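>>> quick one: sequence plus predicted model below, questions after.
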Amino acid sequence: MKAITTIKYLLALTLISLVAACGSSSTDTRILDTTDSYTVEYIPGATDATQGKTSFQFKVTDKTTNNPITGATASIKPVMVMTDKTHSTPVESVTESSTPGTYNATAYYLMSSSGGVWTLNIIINDETASFVIDVAMDTTAVTTLSALISGSDLVMGSPRKYKLFRESLTGSAGTYSFNFFVAAMETMMSWPAIDIGVLGITSVDVQVSLDASDWISYPVTDNGSGHFTVNDLSLSEGIQDEIYVKLIVNGEVKTTDGADPDGNNDYTTFSVTP
Ligand SMILES: [Cu+2]
């Protein structure tokens, strides 16, 4: 028995060092909050919470027994309080991971914490745990977030905002794939992914170009729920380049300034370095 215990102990140590070795480079720390029934732990992802797409996990355990809570109905609602307004941000539906009680979540942060305070609400079976999250500014040359607006489609008197988020750029020379996510403002507190049937949307046409002139050579795949992919981009490894994205919703070209499209304002730009 003693030998087995020792082996288990050594195994545990090995696992811990393995996790430490290939674990995240994030400097964000795990934090805890409790609800009436649960203890909820925020587990940072591989990168710190940053303006743009931020994936992380959270762990839910029974407050009394410490048993993991599986099969929960879970969602997230980040809220930013600023001096002049309070708003939320686009999110993905929460999914359960293969680790009991641990759930996967993604927020697409519209802003860093420089202009206010972000509180991440995690709702589990109608109980809410809250975490103050420090969302870092994006200081890289890589565009994580860009925007287009609609001059004719107004929300509370202002042009509806469409936010485009970089998800990933993968592949190798000549055949890079760019993945991005598009959400739109419904209200300050609701930012659904653009999709047919959402916000009165009946058609979505997303186009990509590498020269802001040829919009047909790189067809875009609509993966649903606001996710888009464009393949076989002829980019060069280590060389900064621009991917231009045009967004046409219900037949209307969205523009950078809300004015009618004039050939310069009718697309947004993602700077990338493969
Ligand atoms: Cu804000």
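Looks like it arrived, so ask away. Numbering: from 1, shown residues only.
>>> so how many other residues sit close to the spatially closest residue to residue 116 that is not a sequence neighbour?
Once flanking residues are discounted, residue 116 sits nearest to residue 82: 3.6 Å by CB to CB, 6 or more residues apart in numbering. Where C-beta positions appear, they are placed from N, C-alpha and C, glycine not excepted. Residue 82 has 11 neighbouring residues, counting by other CB atoms under 10 Å.
>>> tell me the pLDDT of residue 82.
Residue 82 carries a pLDDT value of 97.
>>> roughly how far does it sit from the ion?
Distance, residue 82 to the ion, by CB to the ion, to the nearest Å: 5 Å.
>>> next one: residue 244
Residue 244 is 26 Å from the ion, where distance means CB to the ion.
>>> hey, which strand is longest across this protein?
strand 158-170 (DSSP state E).
>>> buried residues, stretch 48-55. List them.
48-55 (16 or more other CB atoms under 10 Å).
>>> tabulate the residues you listed (CSV), appending distance to the ion.
Shown next, in CSV, are those (distance: CB to the ion, whole Å):
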residue, distance to the ion
48, 18
49, 14
50, 14
51, 10
52, 14
53, 17
54, 15
55, 20
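>>> farthest pair within those residues?
The distance between the two most remote of the buried residues of stretch 48-55 (CB to CB) is 14.0 Å, for 51 and 55.
>>> which positions in the chain make contact with the ion?
For the chain, the residues in contact with the ion under the definition CB under 5 Å from the ion are 80, 82, 111.
>>> for the last one, phi and psi?
For residue 111, the backbone dihedrals are phi -140, psi 160 (criterion: degrees, to the nearest 10).
>>> got a list of what it touches?
51, 80, 89, 135 (CB atoms under 8 Å, 6 or more residues apart in numbering).
>>> please apply the same query to residue 122.
33, 40, 42, 58, 74-76, 105, 128-131.
>>> low-confidence bits of the stretch 51-200 of the chain, can you list those?
Applying pLDDT under 70 to the stretch 51-200 of the chain flags no residue at all.
>>> mind listing the strands for it?
In the stretch 51-200 of the chain, the strands defined using DSSP state E, counting those that start in this stretch lie at 52-62, 74-81, 86-87, 95-96, 102-109, 117-124, 127-133, 145-155, 158-170, 176-184.
>>> what would these look like in CSV with distance to residue 224?
Below are these laid out as CSV (distance: least, CB to CB, whole Å):
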stretch, distance to residue 224
strand 52-62, 17
strand 74-81, 19
strand 86-87, 25
strand 95-96, 15
strand 102-109, 16
strand 117-124, 24
strand 127-133, 28
strand 145-155, 20
strand 158-170, 14
strand 176-184, 11
